[in-house]
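Asker: turn this into a model:
(chains A and B)
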2 protein chains.
Amino acid sequence: MSIFEENKLQNTSVSELGEFGLIEHITKSFECKNKSSKKGVGDDAAVLEFSKEKYQLFSTDMLIEGVHFDLSYSPLKHLGYKAVAVNVSDICAMNGVATQITVSIAVSNRFPIEAIEELYAGIYAACEKYNVDLVGGDTTSSTSGLIISISVVGEVEKSKISYRSGAEVNDLVVCTGDLGAAYLGLQILTREKQIFLDNPTIQPDLQGNDYCLQRQLKVEARVKLIEVLSDLEIIPNSMIDISDGLTSEILHIAKQSDVGITIYEDKLPIDHTTMNLAKELNLNPIFCALNGGEDYELLFTISQDHYEKLKKDVDFTIIGYVTDKSVGNNFITNDNTSHPITAQGWDAMKNTD
Amino acid sequence: MSIFEENKLQNTSVSELGEFGLIEHITKSFECKNKSSKKGVGDDAAVLEFSKEKYQLFSTDMLIEGVHFDLSYSPLKHLGYKAVAVNVSDICAMNGVATQITVSIAVSNRFPIEAIEELYAGIYAACEKYNVDLVGGDTTSSTSGLIISISVVGEVEKSKISYRSGAEVNDLVVCTGDLGAAYLGLQILTREKQIFLDNPTIQPDLQGNDYCLQRQLKVEARVKLIEVLSDLEIIPNSMIDISDGLTSEILHIAKQSDVGITIYEDKLPIDHTTMNLAKELNLNPIFCALNGGEDYELLFTISQDHYEKLKKDVDFTIIGYVTDKSVGNNFITNDNTSHPITAQGWDAMKNTD
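Answerer: Okay, the predicted model is just below:
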């Protein structure tokens, strides 16, 4: 057998494990050894300790053409903006402030300079918006599509950090903004793309769906709401950003905090345009809110003591509460029936061939 | 015109700019705003200031199948090891110590678990060797080949940092280890691959080329030599790692330090196996040492005061000296002729279609 034959890949697929299963499988036996590694794999960002007053945060995200975005309807500028925003969102989820990013891109040699400039115009716009510095990166050839890999560094005062693992029994479960819109925006875009591919003379019908389209294409990190929480002197006991879908994130917090979480159908924050569009597309808006990803809202739990401070702020919705682990994770529908929560969030390992 | 048509790419290629040109073109107008951003784009790593005594270092590298590696002859374990080593090397080049990495990989759904485990076995071996913690990452689908994006964080005492821009006139130019072997290792591997493709019954002939093959496949970062420099109380005035080729790195230091650099043919450190293999392959060993990339040795400049400390150490070779900028960058051949140095190093933007 030659060295070339030896390296032929076996035929066992990883798709069954999915992204989270794969990460867990790979990283379960690894232990951090450096004193400055406060928390490794398993949260929205790693937690590093290089200074006395603050922790440094470190996270990364990779976006791949054909898996995470479709250049036929994602404007490059919005895509660049989004690639930064999703990284900043990971730092927000630790209750921190992003400060620096590196950006690596791989593009075909035939990719025009103008297109790369558009992509970077979006990256720079996001850096400006989030007060983040682009401090490095890598630019290389791709043999196929566009690949964007961004890493982010940030900071948080040690006393203010929020982990996924800090939820306590009786905590209130809070969600920012509203849910499901980004998922519906994606449905509109894929529908109109299909219509266009079937008959290029038909103009895409995007009228009236501005909100959902914007939620899909122009992603924002919730940095302002982190400031609001700070102003209100609220430190979430646990926090995560909603990138893969509410149920998926609920399960992350519950598992890592060793608690149960109960949420209510009638509390889910759903914008009326999301509601209407879901009906128009014959989709269940509750399903979209529970399982649609990419809203990049924040999900967190707080002590009930903070209830009065948050209850009037329309940016925050209390959607449930934390229970003992034995109660499990439950979704209470409007008919007062309890349904166990299972992960149906978007999984990058299961979405393509 | 529909939104789908609007986003069709223009037909102007970026390949003429090359990797460095493209990075410069994109980043030239960006200015860092955060107080903690000490140095952004333009060195082996960004320099961040989160603590009083030390700077934090932050860098990233992306490796793409078909561009940076060929799975038909790169064992996955070695590839994982190399992906970490090249990032650690960037931290070495700042005279620092790497502490944490994140690893993002994109693989086809059909990529077997066993293959991913092999890749991570190499990543973990490198983490162990370099005392670096794997603290995060991202695992996702790829529509084509394997993509590995690693980011690294490290530290360096503020008084010890070495930038590319610090070379001073009359400095000695020093190179670690030896050059050209990794490039020749690659030539052997591509030659044997072609023979195998033409006739799969012929066994690859790798005998006697262990050293060059190992230099290509099992890349090491020069962390030990950074420790040696520290023990000798030598802080390089400028430093860079030799990833793209000696001439390319010479030009980086000269440009950023605003100086000229003269190096000598008879000083170039070339292993005798490299010399012999080059002759066997009808290649000029000097050309390989000057322009072959991926040796990951360190190139640095030091004050002449340190000459006595280094002259006996076989790991370090003085290959030239720093001059006034007006002298230019020159390569003095054995016949005492001066040749201007031009970049011929490996460029990831120019190497593929």
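Asker: which stretches in chain A count as helices?
Answerer: Applying DSSP state H to chain A gives helices spanning A:3-6, A:18-27, A:76-92, A:113-130, A:181-198, A:210-217, A:223-231, A:246-257, A:272-280, A:285-291, A:307-310.
Asker: who's in contact with the fourth one?
Answerer: When you say that, I think you mean helix A:113-130. For helix A:113-130, the external contacting residues (C-beta atoms under 8 Å, 6 or more residues apart in numbering or on different chains) are A:75-85, A:88, A:98, A:101, A:103, A:105, A:107, A:132-134, A:146, A:148, A:221, A:223, B:9-10, B:12, B:14, B:17, B:22, B:25-26, B:30. All C-beta atoms are positioned from the backbone trio N, CA, C, and that covers glycine.
Asker: please identify the most buried of the helices of chain A.
Answerer: Mean neighbour count (mean count of other C-beta atoms under 10 Å in any protein chain shown) peaks for helix A:76-92 among the helices of chain A, with a mean of 26.
Asker: quick check, that one touching chain B?
Answerer: Yes. Contact between helix A:76-92 and chain B, assessed by C-beta under 8 Å from any C-beta of the partner chain, occurs at residue A:76.
Asker: and that helix, C-alpha only, in CSV?
Answerer: This file holds the C-alpha atoms of helix A:76-92, laid out as CSV (Å, rounded to 0.1, in the frame of the first residue of the first chain):
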residue,chain,number,x,y,z
LEU,A,76,-21.5,41.2,0.1
LYS,A,77,-21.6,44.3,2.2
HIS,A,78,-24.3,42.8,4.4
LEU,A,79,-22.4,39.5,4.5
GLY,A,80,-19.2,41.2,5.8
TYR,A,81,-21.2,43.1,8.4
LYS,A,82,-22.9,39.9,9.5
ALA,A,83,-19.7,38.0,9.8
VAL,A,84,-18.4,40.6,12.3
ALA,A,85,-21.8,40.9,14.1
VAL,A,86,-22.1,37.2,14.9
ASN,A,87,-18.7,37.3,16.5
VAL,A,88,-19.5,40.4,18.5
SER,A,89,-22.7,38.7,19.5
ASP,A,90,-20.6,35.9,21.1
ILE,A,91,-18.8,38.4,23.2
CYS,A,92,-22.1,40.1,24.2
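Asker: point to the residue nearest the middle of chain A.
Answerer: With distances taken as C-alpha atoms, centre = their mean, residue A:243 lies nearest the centre of chain A, 2.1 Å away.
Asker: now do it against chain B, distance only.
Answerer: Remark: distance between residue A:243 and chain B (C-beta to the nearest C-beta, to the nearest Å) = 11 Å.
Asker: now residue A:312
Answerer: Using C-beta to the nearest C-beta, one obtains 34 Å as the distance from residue A:312 to chain B.
Asker: can you get me a residue count around that residue?
Answerer: 7 (other C-beta atoms under 10 Å in any protein chain shown).
Asker: which residues are in contact with it?
Answerer: Counting by C-beta under 8 Å, 6+ apart, residue A:312 touches no other residue.
Asker: check residue A:243 too.
Answerer: Residue A:243 is in contact with A:86, A:89, A:249, A:293, A:294, A:296, counting by C-beta under 8 Å, 6+ apart.
Asker: and with 6 Å instead?
Answerer: Residue A:243 makes contact with residue A:293, according to C-beta atoms under 6 Å, 6 or more residues apart in numbering or on different chains.
Asker: cool, residue A:277 as well?
Answerer: A:184, A:212.
Asker: near residue A:258, how many other residues are there?
Answerer: 11.
Asker: OK, contacts around it?
Answerer: So residue A:258 contacts residue A:325 (C-beta under 6 Å, 6+ apart).
Asker: what about the closest residue in space to residue A:67 that isn't next to it in sequence, distance to residue A:22?
Answerer: Using C-beta to C-beta, 6 or more residues apart in numbering or on different chains and skipping the chain neighbours, the partner closest in space to residue A:67 is residue B:141 (4.8 Å). Remark: distance between residue B:141 and residue A:22 (C-beta to C-beta, to the nearest Å) = 11 Å.
Asker: now swap in residue A:112 and tell me
Answerer: In terms of C-beta to C-beta, residue A:112 sits 35 Å off from residue A:22.
Asker: swap in residue A:194?
Answerer: Counting by C-beta to C-beta - residue A:194 and residue A:22 are separated by 30 Å.
Asker: burial of residue A:311, as a residue count?
Answerer: Neighbours of residue A:311 using other C-beta under 10 Å come to 11.
Asker: excluding chain neighbours, what is closest to it?
Answerer: Leaving aside its sequence neighbours, residue A:311 sits nearest to residue A:318 (C-beta to C-beta, 6+ apart; 7.4 Å).
Asker: quick one: pLDDT of that neighbour?
Answerer: pLDDT recorded at residue A:318 is 97.
Asker: just residue A:101 next, same as before
Answerer: Residue A:101 is given a pLDDT of 98.
Asker: residue contacts, it?
Answerer: Counted by C-beta under 6 Å, 6+ apart, residue A:101 has contacts A:132, A:134, A:150, A:152.
Asker: residues contacting residue A:158?
Answerer: Neighbours of residue A:158 in contact, by C-beta under 6 Å, 6+ apart: residue A:55.
Asker: ditto for residue A:315
Answerer: Counted by C-beta under 6 Å, 6+ apart, residue A:315 has contacts A:176, A:225.
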